[in-house]
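Student: Next comes the sequence, and after it the predicted model I'd like to discuss.
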Amino acid sequence: MKRAWADAPAEIFAALSQQQLLGELLTHTQFAAELSQIEAWKFTIRHLQALASALPSAHFFMEFAIPRMGRRADAVVIAGPLVLVLEYKVGERTFPRHAIEQVHGYALDLKNFHVTSHDKTIVPILISTQAPPQQLGLGFWAPDKVHDPIRLAADDLLPSIQRLLASGDSTNICAEKWAAGAYRPTPSIIEAAEALYAGHDVSEISRSEAGAENLSLTAAAIERVVTQMREQGGKAICFVTGVPGAGKTLAGLNVACRRRPAYPDEHAVFLSGNGPLVKVLQEALRRDAKHQRDLPDLPEARMLQTREPETFIQNVHHFRDHYVGGQELPSEHVVIFDEAQRAWDRAMTSDFMRRKKGQPGFDQSEPGFLLSVMDRRSDWCVVICLIGEGQEINRGEAGIGEWVRALQSGLPHWQIFLPPHLLDEAGPLDAGLRWHLSRRAAVADSSLHLAVSIRSFRADRVSAFVAALLAEDAEAAANLRPDPSLFPIWQTRDLALARSWLRRQRRAEERAGLVASSNAMRLKPEGLHVKAPIDVCHWFLNGNDDVRSSNALEDAATEFDVQGLELDWVSVAWDLNYRRSGNAWLAREFRGTKWQAIKSVTNGLSRADYVKNAYRVLLTRARQGMVIFVPRGDPEDTTRPPAEYDAIADWLAVCGIPPLP
């Protein structure tokens, strides 16, 4: 893959004509560039060619791809042992914060995801061409050898590079080998959605070759089912499962994004009962589309102008409400249900429809009704259920069994495709449902299970660690604790220290935030009000100067706000709704003025299981590191006894989590 639109060793780069270089750039834009872009390129070319004449051993790249971020750095210069990432703001007199974070983000992206950059010294430089001369301080080098962003006027660049070169004595970089290094990104679900929406392939945004292959095999398996139904007619349901972090949501978005432009008559739609996820993805795509429309020379802009996120990402409850009470034929042929395990059982759905929707006679589970809607089509349809096993976090969430029961009760003509482990005795289905599937000749396809985690290379052991921590296995947890140099995990009894640590860790466009259980009611004396609603779009997407942003570290999001989404750096606030009792965990809920026991059981899951799963969600939201905040309690407050908080902190310590220094 050619990563830059134009590149050459310094001596050749300096000797090329401006028209030759400009021609290379214009060729790769695919669309006519605006005059302002052409003039900016002309300045950049002149400036870089002068720099190349003074640095004859360097290598110059223009418009260097940063795939995970979906952008291109104006220039990358390999000079001696340094990787210099240059971003030009032509005509700018100041150094806007967003531009500083942008170039810093490019440098961090290369460091984390470009294999041949992992051990390199990387210097992000922002050049505002009309700025007054700047004084260069050598600044701060982070432990990973990424320099703080340097802000320069155009004439400051050469002396600054010369000073940087004089301060180091590392081995010179071979530019060709460096540029040829594999790029293994780990996008957040928001970044992945933006990339897929803009037309990128799912294999391009997977960190590892195994992860890319796994996702590609799953995508191909789903495509085969859809193609079969489209060509032969008939109705099918396709279950997709995966290990934590394997990319089930990504696989579903990939189907929706690929099918809609290729087969617009199918009206492929991605549905989720996770309201916050839907809102954040829709808003992120809306903002990204607006940004792309402001960059008319990029091919992605043309594609995004013809598509609206609301047409293919929808809330499953809105989809349900649209079709209730009538027999309207759905326009959709391909429907993807994300987190299908969270669909409501019959009791929960009937009660909700009676109380909230004026439907006293409604007597179906959510899976049963949704499948009955799609069964209205007389030609063909495919329903794809993305199943996160063990992730139910609220009452009435029925798991995969409810989908099979819906198929059992009235849809004998539907074909069933699933991963083999769902038919195992140790799987999530009881013997009766497994027997029914065997009678239906369900097609078992191992490609429908995502077995490889594509979560951040820093976080690939976190899920196993958290599972052990919550399963009373301190020894396993201590052994599974991620490498602190890659994914630090600390605990603290001081929320101010937790906030300070998050602020020190977060760089560029990374996100940090506070999270807590939705029933962590006695965090209120610490200033964390879990019942105060947050706007998830502001919390996940807004910038550092907005107090509603997660980066402001003012509002704590709950498991319902963050499930399916991630942050780079997280502080998990732990309350007494999940406490230690002897050698075991004990779930409680706070009602009125005191903590109360939890006893009720629904569909095999107790409400205590929901509390446990809530902490599982909270403890797996970080991509790069986390600090767990355990309050000290108050001996004068019977709802916050210090000894019970101490027991939690002691257990975390036994599991290998040290105090924050």
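Tutor: Good, I have the coordinates.
Student: Let me see the mean pLDDT of the host helix or strand of residue 353.
Tutor: Using DSSP states H and E, residue 353 sits within helix 346-356. The average pLDDT for helix 346-356 rounds to 85.
Student: counting contacts, what elements does that helix pack onto?
Tutor: Here helix 346-356 touches helix 366-374, going by 3 or more C-beta pairs under 8 Å, 6 or more residues apart in numbering; DSSP states H and E. For glycine as for every other residue, the C-beta is placed from the backbone atoms N, C-alpha and C.
Student: and the angle from the helix it packs on to helix 346-356?
Tutor: Orientation check (axes from the mean of the first three to the mean of the last three C-alpha atoms, to 10 degrees): helix 366-374 against helix 346-356 gives 70 degrees.
Student: Contacts for helix 366-374, please.
Tutor: 235, 237, 273, 316, 319-320, 323-324, 330, 332, 335, 337, 340, 343-346, 348-349, 362, 364, 381, 383, 398, 402-403, 405-407, 409-411, 414 (C-beta atoms under 8 Å, 6 or more residues apart in numbering).
Student: do stretch 415-431 as well
Tutor: Counting by C-beta under 8 Å, 6+ apart, 221, 225, 229, 234-241, 389, 399-401, 404, 407, 434, 437-438, 440, 442-446, 448-449 sit against stretch 415-431.
Student: Check stretch 436-453 too.
Tutor: Against stretch 436-453 from outside (C-beta under 8 Å, 6+ apart): 208, 210-211, 214-215, 217-218, 220-222, 238-248, 251, 404, 407-408, 412, 415-423, 429, 460, 463.
Student: For it, list every residue counted as buried.
Tutor: 436-437, 440, 442, 445, 447-453 (16 or more other C-beta atoms under 10 Å).
Student: how about the residues you listed in TSV, adding distance to residue 119 and pLDDT?
Tutor: Below are the buried residues of stretch 436-453 laid out as TSV (distance: C-beta to C-beta, whole Å; pLDDT from 0 to 100):
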residue	distance to residue 119	pLDDT
436	55	91
437	50	91
440	54	89
442	49	90
445	41	95
447	36	93
448	38	94
449	35	92
450	31	88
451	30	79
452	25	72
453	24	68
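Student: Which members of those are positioned in helices?
Tutor: Mapping the buried residues of stretch 436-453 onto helices (DSSP state H) picks out 436-437.
Student: so of the buried residues of stretch 436-453, which ones are in strands?
Tutor: Counting by DSSP state E, the buried residues of stretch 436-453 place 449-450 in strands.
Student: List just the nearest of the buried residues of stretch 436-453 to residue 638.
Tutor: Nearest to residue 638 among the buried residues of stretch 436-453: residue 453, at 42.9 Å, using C-beta to C-beta.
Student: can you map out the strands along the stretch 451-600 of the chain?
Tutor: Shown for the stretch 451-600 of the chain, the strands assigned by DSSP state E, counting those that start in this stretch span residues 489-492, 512-516, 556-557, 567-573, 578-581, 584-591, 594-597.
Student: what's in contact with the shortest one?
Tutor: Same thing as strand 556-557. 513-516, 523, 528-530, 534, 536, 539, 550, 573.
Student: Next: stretch 158-166.
Tutor: 50-51, 54-55, 77, 79-80, 82, 84, 123, 125, 136, 138, 150, 152.
Student: Any idea how many residues pack against the residue lying closest to residue 617 once chain neighbours are set aside?
Tutor: The shortest distance from residue 617 to any non-neighbouring residue, by C-beta to C-beta, 6 or more residues apart in numbering, is to residue 559 (4.4 Å). Other residues within reach of residue 559 by the criterion other C-beta atoms under 10 Å amount to 24.
Student: which of the contacts of strand 556-557 sit farthest apart?
Tutor: Pairwise distances across the contacts of strand 556-557 peak at 19.3 Å for 523 and 536 (criterion: C-beta to C-beta).
Student: hang on, the earlier thing: buried ones in the helix holding residue 353?
Tutor: Residues 346, 348-350, 352-353 are the ones in helix 346-356 that count as buried (16+ other C-beta under 10 Å).
Student: Could you point out which of the strands of the stretch 451-600 of the chain sits nearest residue 657?
Tutor: With respect to residue 657, and counting by C-beta to C-beta, the nearest of these is strand 489-492 at 4.9 Å.
Student: I'd like to know which elements the closest one is packed against.
Tutor: Going by 3+ C-beta pairs under 8 Å, 6+ apart, strand 489-492 lies up against helix 495-505, strand 622-629, helix 642-654.
Student: Report the contact partners of residue 406.
Tutor: By C-beta under 8 Å, 6+ apart, the contact set of residue 406 is 365, 367-368, 371.
Student: Helix or strand next in line after the host helix or strand of it, which one?
Tutor: Using DSSP H and E, residue 406 falls within helix 400-410. Downstream of helix 400-410, the next assigned helix or strand under DSSP H and E is strand 415-418.
Student: how distant is that following strand from the center of its chain?
Tutor: 28 Å (C-alpha atoms, centre = their mean, to the nearest Å).
Student: ok, that strand: who's next to it in the sheet?
Tutor: According to DSSP bridges, strand 415-418 forms sheet pairs with strand 234-242 (parallel), strand 443-444 (parallel).
Student: can I get the ones you listed in JSON lines with distance to residue 500 and mean pLDDT?
Tutor: Shown next, in JSON lines, are the strands paired with strand 415-418 (distance: least, C-beta to C-beta, whole Å; pLDDT from 0 to 100):
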{"stretch": "strand 234-242", "distance to residue 500": "36", "mean pLDDT": "94"}
{"stretch": "strand 443-444", "distance to residue 500": "52", "mean pLDDT": "94"}
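Student: do you know which of these lies nearest residue 468?
Tutor: Among the strands paired with strand 415-418, strand 234-242 comes nearest to residue 468, with 19.7 Å by C-beta to C-beta.
Student: what's the angle from that closest one to helix 400-410?
Tutor: Going by the same axes, to 10 degrees, strand 234-242 makes 170 degrees with helix 400-410.
Student: how deep is residue 609 tucked in, by neighbour count?
Tutor: For residue 609, the number of neighbouring residues by other C-beta under 10 Å comes to 17.
Student: Can you get me the centre-to-centre distance for whichever strand or helix holds it and its chain?
Tutor: Following DSSP H and E, one finds residue 609 within helix 607-619. Distance of helix 607-619 from the chain centroid (C-alpha atoms, centre = their mean) equals 20 Å.
Student: Same check on stretch 369-376?
Tutor: Distance, centroid of stretch 369-376 to centroid of chain: 31 Å (C-alpha atoms, centre = their mean).
Student: got the buried residues for it?
Tutor: 369-371, 373-375.
Student: quick one: which of the residues you listed is nearest residue 194?
Tutor: residue 370 (27.6 Å).
Student: how close does that closest one sit to residue 430?
Tutor: Distance from residue 370 to residue 430, counting by C-beta to C-beta, to the nearest Å: 22 Å.
Student: Quick one: mean pLDDT for the one helix or strand residue 42 maps to?
Tutor: Secondary structure from DSSP H and E places residue 42 in helix 35-54. Summarised as a single mean, pLDDT over helix 35-54 is 94.
Student: again with stretch 653-661
Tutor: In this model, stretch 653-661 has a mean pLDDT of 97.
Student: can you check stretch 176-196 too?
Tutor: Here the average pLDDT along stretch 176-196 is 80.
Student: what about the stretch 151-300 of the chain, any weak spots by pLDDT?
Tutor: Low-confidence segments of the stretch 151-300 of the chain (pLDDT under 70): 169, 185, 198-213, 244, 289, 291-300.
Student: Please give me every residue in contact with residue 265.
Tutor: Residues near residue 265 by C-beta under 8 Å, 6+ apart: residue 333.
Student: Where does it sit: helix, strand or coil?
Tutor: Three-state assignment for residue 265 (DSSP: H, G, I helix; E, B strand; the rest coil): helix.
Student: From residue 444, how far out is it?
Tutor: For residue 265, the distance to residue 444 (C-beta to C-beta) stands at 31 Å.
Student: helices or strands up against the strand or helix carrying residue 8?
Tutor: Using DSSP H and E, residue 8 maps to strand 4-9. Counting contacts by 3+ C-beta pairs under 8 Å, 6+ apart, strand 4-9 packs against helix 18-29, strand 59-66, helix 175-179.
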